[in-house]
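Asker: From the sequence below, what's the structure:
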Amino acid sequence: MIEQLVDQIEVRFAEATRDISDPEVVGDRRRFAEAGRVFRQLEPAARIAEEWRRAVDDEAGARELLAEAEDPEARELLERARAEIARLEDEIRLAMVERDPNDDRNVIVEVQGGAGGDEAGLWAGDVYRMLTRYAERRGLSTEPLEAGESKYTFAIKGDGAYSIFKFEGGTHRVQRVPATESQGRTHTSTATVAVLPEAEDVDVHIDHNDLQIDVYRSSGPGGQSVNTTDSAVRITHKPSKLVVSMQDEKSQLQNREKAMRVLRARLLEQAQAAQQAELAADRRAQVGTGERSEKIRTYNYGEHRVTDHRINLTTHNLDAVLAGQLDELTEALRSDEKRRRLEAQAAAPA
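Answerer: The predicted structure is shown next:
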């Protein structure tokens, strides 16, 4: 079984290697991008398959030596090779787990204060800064789309953005003493995060007859006018009743373009959730209600602790996490996702 899988990996990787150097493919932007995606996806599995071949050769060589005479070094080599083969077989299965089809997409992230009043709004700002710093550390670019009233909407662009940030979707709970707390009591507040794969025009067809577009003057805190022209845009998608508003740009056209990007992302996510309801991909399931009892992760300032409740992982490096060092959490969540997908594939009827 494993040998067949290794054969398959080697054949597919050889084809992908040929494709990325084929002049016809290189000359076709869409085909080249797809070929590059397939190559990057298969490269780790191909590397593991090569290590597996070497371990199998080592095992065979050790068995040949032991067939001639008992030798402690050959026996040790055999045991080491067998342990390596077992380890690599597990890695090969995980490497070939079916990927989330959205993993290579850019994302639109929405952070909003949940339960906890003003402190929840402050916490939403902290979560926003944590995520943008993480994006920068991973070499991804961020683009602010909207900010204000405890809500931050921004895009993250770059190779595999969704594969990294999809694990941040949900309720982030903080336990700390607010700056305004005179009694020194710890308060619990939340911020909700929605991570939406960004849709291309070809992914979601929007009939412009289904849109109601309203323009109005953008305003600052307290309703103070910051623009004397009707540059703010509100788009209502009548069939789904989704509403997106943008006012950060001075140009009505720019606000409209940003609002359409967010609308397309929400419609794509909604469509995928309807098709895969069993995966709980719906945005409402991802965000929840923002209540304190609903959480994917808790940030406890008093104990300098971060706990991810989905995988029961706790670290005591709160400052580093808030500075955008989320790699340990992401890798643990990614491994957990792969193992769950592998179990699901194994349990699926042939």
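Asker: What ranges in this protein fall below the confidence cut-off?
Answerer: 98, 201-203, 219-229, 275-294, 345-350 (pLDDT under 70).
Asker: Now the longest helix seen in it: buried residues?
Answerer: Determined from DSSP state H, the single longest helix within the chain is helix 29-68. Neighbour-count burial for helix 29-68 flags 32, 35-36, 38-39, 41-42, 45-46, 48-49, 51-52, 55-56, 58-59, 62 (criterion: 16 or more other Cβ atoms under 10 Å). Heads up, the C-betas are built off the backbone N, CA and C, glycines and all.
Asker: which helices and strands sit right next to that helix?
Answerer: Under the contact criterion of 3 or more Cβ pairs under 8 Å, 6 or more residues apart in numbering; DSSP states H and E, helix 29-68 touches helix 2-19, helix 23-26, helix 72-95.
Asker: In the stretch 101-250 of the chain, what residue spans correspond to helices?
Answerer: Under the criterion DSSP state H, counting those that start in this stretch, the stretch 101-250 of the chain contains helices at 118-137, 161-165.
Asker: picking that back up, so which of the helices and strands packed on helix 29-68 comes closest to V233?
Answerer: helix 23-26 (39.9 Å; Cβ to Cβ).
Asker: circling back to that earlier point, could I get the helices and strands packed on helix 29-68 in JSON lines, plus columns for mean neighbour count and distance to Q183?
Answerer: Formatted as JSON lines, the helices and strands packed on helix 29-68 follow (neighbours: other Cβ atoms under 10 Å; distance: least, Cβ to Cβ, whole Å):
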{"stretch": "helix 2-19", "mean neighbour count": "15", "distance to Q183": "61"}
{"stretch": "helix 23-26", "mean neighbour count": "12", "distance to Q183": "66"}
{"stretch": "helix 72-95", "mean neighbour count": "16", "distance to Q183": "50"}
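Asker: Same list, the ones you listed, but as JSON lines with distance to G324 please.
Answerer: JSON lines is the format used below for the helices and strands packed on helix 29-68 (distance: least, Cβ to Cβ, whole Å):
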{"stretch": "helix 2-19", "distance to G324": "33"}
{"stretch": "helix 23-26", "distance to G324": "36"}
{"stretch": "helix 72-95", "distance to G324": "27"}
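Asker: how about those helices, which one is nearest A120?
Answerer: Across the helices and strands packed on helix 29-68, A120 has its closest neighbour in helix 72-95 (37.8 Å, Cβ to Cβ).
Asker: quick check: angle from that closest one to helix 29-68?
Answerer: 150 degrees (axes from the mean of the first three to the mean of the last three Cα atoms, to 10 degrees).
Asker: Name the residues that touch helix 72-95?
Answerer: Residues from elsewhere that reach helix 72-95, judged by Cβ atoms under 8 Å, 6 or more residues apart in numbering: 2, 5-6, 9, 44-45, 48-49, 51-52, 55-56, 58-59, 61-63, 65-66, 335, 338-339, 342.
Asker: The longest helix of the chain: how far from the chain's middle?
Answerer: 27 Å (Cα atoms, centre = their mean, to the nearest Å).
Asker: tilt between that helix and helix 2-19?
Answerer: 140 degrees.
Asker: before we move on, the earlier item: and Y128, which of the helices and strands packed on helix 29-68 is closest to it?
Answerer: Short answer: helix 72-95, nearest of these by Cβ to Cβ, at 32.5 Å.
Asker: and the longest strand anywhere in the chain, C-alpha only, in CSV?
Answerer: Counting by DSSP state E, the longest strand found in the chain is strand 187-197. Extracted in CSV, the C-alpha atoms of strand 187-197 (Å, rounded to 0.1, in the frame of the first residue of the first chain):
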residue,chain,number,x,y,z
HIS,A,187,-12.2,40.9,33.5
THR,A,188,-13.1,38.5,30.8
SER,A,189,-13.8,39.9,27.3
THR,A,190,-13.9,38.5,23.8
ALA,A,191,-13.2,39.4,20.2
THR,A,192,-14.6,37.4,17.2
VAL,A,193,-12.5,36.7,14.1
ALA,A,194,-13.9,35.6,10.8
VAL,A,195,-11.4,34.4,8.2
LEU,A,196,-12.9,34.3,4.7
PRO,A,197,-11.1,33.0,1.6
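Asker: Now do the buried residues in it.
Answerer: 187-197.
Asker: Just give me the closest of those to D126.
Answerer: Lowest distance from D126 to the buried residues of strand 187-197 (Cβ to Cβ) belongs to A191, with 7.9 Å.
Asker: is it true that that closest one touches R129?
Answerer: No - judged on Cβ atoms under 8 Å, A191 makes no contact with R129 at a distance of 11.4 Å.
Asker: Would you mind listing the residues in contact with N209?
Answerer: N209 touches nothing, counting by Cβ under 8 Å, 6+ apart.
Asker: S251 now?
Answerer: S231.
Asker: Check R138 too.
Answerer: 158, 164.
Asker: Show me what the longest strand of the chain is packed up against.
Answerer: By 3+ Cβ pairs under 8 Å, 6+ apart, strand 187-197 packs against strand 107-113, helix 118-137, helix 161-165, strand 170-176, helix 252-275, helix 283-287.
Asker: neighbouring strands for the first one, and are they parallel or not?
Answerer: When you say that, I think you mean strand 107-113. Strand pairing for strand 107-113, using DSSP bridges, gives strand 151-157 (antiparallel), strand 187-197 (antiparallel).
Asker: The first one vs helix 118-137, what angle?
Answerer: Going by the same axes, to 10 degrees, strand 151-157 is angled at 10 degrees with respect to helix 118-137.
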